[in-house]
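> here is a sequence together with a model predicted from it:
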Amino acid sequence: MAVSAKSSPLSELRIALPSLPLRLQEVGRFVAANDYDATTRSMRDLAAEAGADPAAFTRLAKAIGYSGWDELRAALTEARRPSPTSPFSGRAKTSRHGPNADVALITDKLEAEAAGLPCISAQAIADAARTLHDAKRIWIAGYRSCRSVAELLNYELRLFRPEQVQIVGTSGPDDLDLGAFRPGEAVIVVGFLPYTNASVRVAQAAHRAGATLIAIADSLSAPMAEGADHVLLFEAASSPGFFPSLTGAIAIAQSLAAVTFSLGGTAAKKRLENTEARLAAASTYVSEKG
């Protein structure tokens with residue numbers, strides 16, 4: 001089935017629902033209500049969540065004109081992509097009207113942010129944190145808005161591993177750092193649609209060097225997540241507003257730092273205390289009055 005750039009698989013699904021058998025209607029409603037999960041989770045995981053047979057997802061796809069679940073899933077993924085020439089303005093909706101339109105937008109945004117956090121896999125983060133704990137060196141890359149996530153993770157990790165953590169490109173051109181990747185090291189790349197070419201180059205360099213790649217991304221199909229040893233998924237697109245959400249990415253970064261610190265045990269705590277003592281000696285923070 002050829003799917004045009006303007007087609008909407010969710011619209012096709014909703015239109016077809018009334019004519020489907022009852023069980024397929026239930027599966028179809030689940031997919032329509034969980035289209036992000038449908039693009040990022042396996043069919044088996046989705047079936048377990050929906051209380052359905054995995055084969056029902058294939059039957060659903062065929063019932064609405066697709067060759068199978070993989071083709072429907074690809075269409076759902078493509079439908080979530082903004083235009084490459086207007087990734088942010090393309091998200092902007094027409095202005096809301098009414099005396100409380102601004103409050104309604106904020107409420108909708110906060111609800112969407114909160115709804116995205118339970119989709120993050122705690123187990124996946126724990127597995128990646130163990131990789132960071134074992135790594136000889138940790139490199140972190142995030143470009144444009146994702147630089148803020150990279151900076152936060154870098155700061156938290158360096159509080160207790162100051163000599164072993166570095167943001168790609170801070171000491172010179174990126175290519176010098178890419179050439180310094182080695183086996184036994186971990187490379188973290190943060191990104192969401194639209195993906196930067198620079199993030200893809202970092203991931204490719206990690207593969208070439210034999211380093212462990214950890215991708216913090218909005219989709220399994222993200223180009224910088226291809227072949228990654230760990231993919232930590234967050235929801236970026238569902239939050240209203242012209243700009244995608246980084247809330248999930250920040251939560252993942254802080255969780256990674258927290259678990260890596262915990263795995264470091266007494267040694268990590270000692271290094272953190274040393275950092276705190278240095279900060280106190282430098283009068284970094286405003287003294288509390290009491």
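Perfect, thanks for sending it.
> just checking, what packs against the helix or strand harbouring residue 140?
For residue 140, the host element (DSSP states H and E) is strand 138-142. Strand 138-142 makes packing contacts with helix 147-158, strand 165-167, strand 186-191, helix 197-209 when contacts are defined by 3 or more Cβ pairs under 8 Å, 6 or more residues apart in numbering; DSSP states H and E. For every residue, glycine as well, the C-beta is placed using N, CA and C.
> and these, which is most packed in?
Among those, the stretch with the highest mean neighbour count (mean count of other Cβ atoms under 10 Å) is strand 186-191, at a mean of 29.
> so which of the helices and strands packed on strand 138-142 comes closest to residue 29?
Between residue 29 and the helices and strands packed on strand 138-142, the tightest spacing by Cβ to Cβ is seen for strand 186-191, at 31.5 Å.
> what lines up beside that closest one in the sheet?
Here strand 186-191 is paired, per DSSP bridges, with strand 138-142 (parallel), strand 212-217 (parallel).
> and residue 67, how many residues sit next to it?
Residue 67: 11 surrounding residues under other Cβ atoms under 10 Å.
> relative to residue 75, how far out is it?
11 Å (Cβ to Cβ, to the nearest Å).
> do residue 253 as well
31 Å.
> looking at those two, which is more packed in?
Comparing residue 253 with residue 75 by other Cβ under 10 Å, the one with more neighbours is residue 253, at 29 against 21.
> give me the three-state assignment for residue 232.
Secondary structure state of residue 232, per DSSP: H, G, I helix; E, B strand; the rest coil, is strand.
> which ones are touching it?
Residues near residue 232 by Cβ atoms under 8 Å, 6 or more residues apart in numbering: 120-121, 124-125, 128, 214-217, 252, 256.
> CA atoms of the least confident helix or strand in the chain by mean pLDDT as PDB?
None of the helices or strands of the chain scores lower by mean pLDDT, DSSP states H and E than helix 35-40, at a mean of 77. Output of helix 35-40 as PDB, limited to C-alpha atoms (Å, rounded to 0.1, in the frame of the first residue of the first chain):
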ATOM      1  CA  ASP A  35       0.400   5.900  18.800                       C
ATOM      2  CA  TYR A  36       3.800   6.900  20.400                       C
ATOM      3  CA  ASP A  37       4.100   3.400  22.000                       C
ATOM      4  CA  ALA A  38       3.000   1.900  18.700                       C
ATOM      5  CA  THR A  39       6.100   3.400  17.000                       C
ATOM      6  CA  THR A  40       8.600   2.600  19.800                       C
END
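> just the residues contacting that helix, thanks.
10, 31, 46, 49, 73, 76-77, 80, 119, 219-221, 233, 235, 237-238.
> got the buried residues for that helix?
Using 16 or more other Cβ atoms under 10 Å as the test for burial, helix 35-40 gives 35-40.
> C-terminal to it, what's the next element?
Next along the chain after helix 35-40, taking DSSP H and E as the criterion, comes helix 43-50.
> for the stretch 51-200 of the chain, what are the low-confidence residue spans?
80-85, 87, 90-97 (pLDDT under 70).
> end-to-end on stretch 154-163?
For stretch 154-163, the first and last residues are 11 Å from each other (Cα to Cα, to the nearest Å).
> would JSON lines of the strands paired with strand 186-191 with distance to residue 245 be doable?
Listed next are the strands paired with strand 186-191 as JSON lines, based on distance: least, Cβ to Cβ, whole Å:
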{"stretch": "strand 138-142", "distance to residue 245": "15"}
{"stretch": "strand 212-217", "distance to residue 245": "13"}
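> between the helices and strands packed on strand 138-142, which one is closest to residue 266.
Smallest distance to residue 266 across the helices and strands packed on strand 138-142 (Cβ to Cβ): 17.5 Å, for helix 147-158.
> can you list contacts of the closest one?
By Cβ under 8 Å, 6+ apart, helix 147-158 touches 132, 138, 140-142, 165-167, 188, 190, 216, 246, 249-250, 253-254, 256-257, 260-261.
> what sits against residue 185?
Residue 185 makes contact with 135-139, 209, 211-212, according to Cβ under 8 Å, 6+ apart.
> same check on residue 68?
58, 61-62.
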